[in-house]
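Student: Predicted model follows, preceded by the sequence.
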Amino acid sequence: MSLLLDNVSYNYPGSTHGLHDVSLDVRTGELVAVIGPSGSGKSTLLKLVSGLETGHSGRIALDGADMSRTPVHQRHIGMVFQSYALFPHLSVLDNVAYGLKLRKVAVAERRRRAQELLGIVGLGEYAQRAVAQLSGGQQQRVALARALAIDPRALLLDEPLSALDASVRGHLRDQIRSIQQRFNATTLLVTHDQEEALVMADRVTMLKDGRLLQIATPRDIYENP
Ligand code: ADP
Ligand code: ADP
């Protein structure tokens, strides 16, 4: 699945803030990191791709199909948020299976699939635990499993490591990257952490005041900083 943004612009109502003429092509299985300071438009970009915010001009397309009129839950996009956004009253397994339940997958199949994904993120033994009993890093792995469970057409990672201790962050960077590659998931990673972007991404782009400045591989950036 490829994700294409073609001249996407968006203004918040009554405001000049938003996104301005953003064009970006994320190829199948590619991880593109978007860096930029607070207020540069990173969340706005993810909200438009996910459909949480609507009313942009330009085109947002998944595998060539325009998403503008596709409601959030039909876009088939997996999301991971800084704050995990798990359901605290549900077990780990039920959290991972949640998106499948919404999509009316049968109970046995969604349990099987959720258990399989928990195994992949290294939490197979934690299926019946309450989410609140898990560490931050574990909760973020549950969130990743939940995002992948729906077999997403694109994966959006919104500051997925920002809430975690530095000691956990490094390990989870590697783990998220290797799982993303294993699933060949077309991924947008938003972060304010430049090093994280350089370590994890195939290509890195920068947002400033709602505009995308440049896009380059980490190697290009290291060699020509
Ligand atoms: P980032 O995620 O990079 O911190 P945002 O996408 O949240 O940036 O915000 C981009 C710009 O749009 C900022 O100037 C912000 O103040 C403004 N903005 C964000 N949300 C709204 C909103 N609901 N209404 C008006 N302005 C907003
Ligand atoms: P982030 O930087 O992680 O996007 P913020 O704390 O900037 O988060 O924003 C939190 C919420 O407030 C978002 O939903 C955003 O759309 C909204 N928001 C941000 N800036 C503005 C603004 N200038 N006016 C109205 N809402 C805003």
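Tutor: Looks like it arrived, so ask away. Ligands and ions are numbered 1, 2, ... in the order given.
Student: roughly how far apart are the most centrally placed residue in the chain and ligand 1?
Tutor: Nearest residue to the geometric centre of the chain (C-alpha atoms, centre = their mean): Leu156, 1.7 Å. Leu156 sits 12 Å away from ligand 1, going by C-beta to the nearest ligand atom, to the nearest Å. Placement of C-beta: from N, CA and C, glycine included.
Student: Name the helix or strand for that residue, please.
Tutor: Using DSSP states H and E, Leu156 falls within strand 154-158.
Student: so what's the residue nearest to the centre of the chain up against?
Tutor: With contact set as C-beta atoms under 8 Å, 6 or more residues apart in numbering, Leu156 has these partners: Leu46, Val49, Ser50, Ile77, Gly78, Met79, Val80, Thr187, Leu188, Val190.
Student: What about ligand 1: which of the residues you listed touch it?
Tutor: Filtering the contacts of Leu156 for proximity to ligand 1 by C-beta under 6 Å from any ligand atom leaves nothing.
Student: From those, keep the buried residues only.
Tutor: By neighbour count, with 16 or more other C-beta atoms under 10 Å, the contacts of Leu156 hold Leu46, Val49, Ser50, Ile77, Gly78, Met79, Val80, Thr187, Leu188, Val190 as buried.
Student: Looking at those, which are in helices?
Tutor: Among the buried ones among the contacts of Leu156, the residues falling in helices (DSSP state H) are Leu46, Val49, Ser50.
Student: and which of these is nearest to ligand 1?
Tutor: The closest of those to ligand 1 turns out to be Leu46 (C-beta to the nearest ligand atom; 7.9 Å).
Student: I figured that closest one hits Asp158, correct?
Tutor: Yes. In this structure, Leu46 is within contact of Asp158 by C-beta atoms under 8 Å, at 5.4 Å.
Student: quick check, nearest of the buried ones among the contacts of Leu156 to ligand 1?
Tutor: Val190 (7.1 Å).
Student: can you pull the contacts of the closest one?
Tutor: Ala33, Val34, Lys42, Ser43, Leu45, Leu46, Leu156, Leu157, Asp158, Glu159.
Student: follow-up on the earlier one: would you mind listing the residues touching both of Leu46 and Asp158?
Tutor: Common neighbours of Leu46 and Asp158, counting by C-beta under 8 Å, 6+ apart, are Met79, Val190.
Student: re the thing from before, tell me what the residue nearest to the centre of the chain is bridged to.
Tutor: Per DSSP bridges, the residues bridged to Leu156 are Met79, Leu188.
Student: what's the distance between it and Ala147?
Tutor: 8 Å (C-beta to C-beta, to the nearest Å).
Student: follow-up on the earlier one: ok and the next helix or strand after the strand holding Leu156 relative to strand 154-158, angle-wise?
Tutor: Next helix or strand after strand 154-158 toward the C-terminus (DSSP H and E): helix 166-182. With axes from the mean of the first three to the mean of the last three C-alpha atoms, to 10 degrees defining the directions, helix 166-182 sits at 170 degrees from strand 154-158.
Student: among the contacts of Val190, which two are most distant?
Tutor: The distance between the two most remote of those (C-beta to C-beta) is 14.7 Å, for Ala33 and Ser43.
Student: neighbour count winner among these two?
Tutor: Ala33 (25 against 16; other C-beta atoms under 10 Å).
Student: OK, contacts around the more buried one?
Tutor: Counting by C-beta under 8 Å, 6+ apart, Ala33 has contacts Leu188, Leu189, Val190, Thr191, Glu196, Ala197, Leu198, Met200, Ala201, Arg203, Val204, Thr205.
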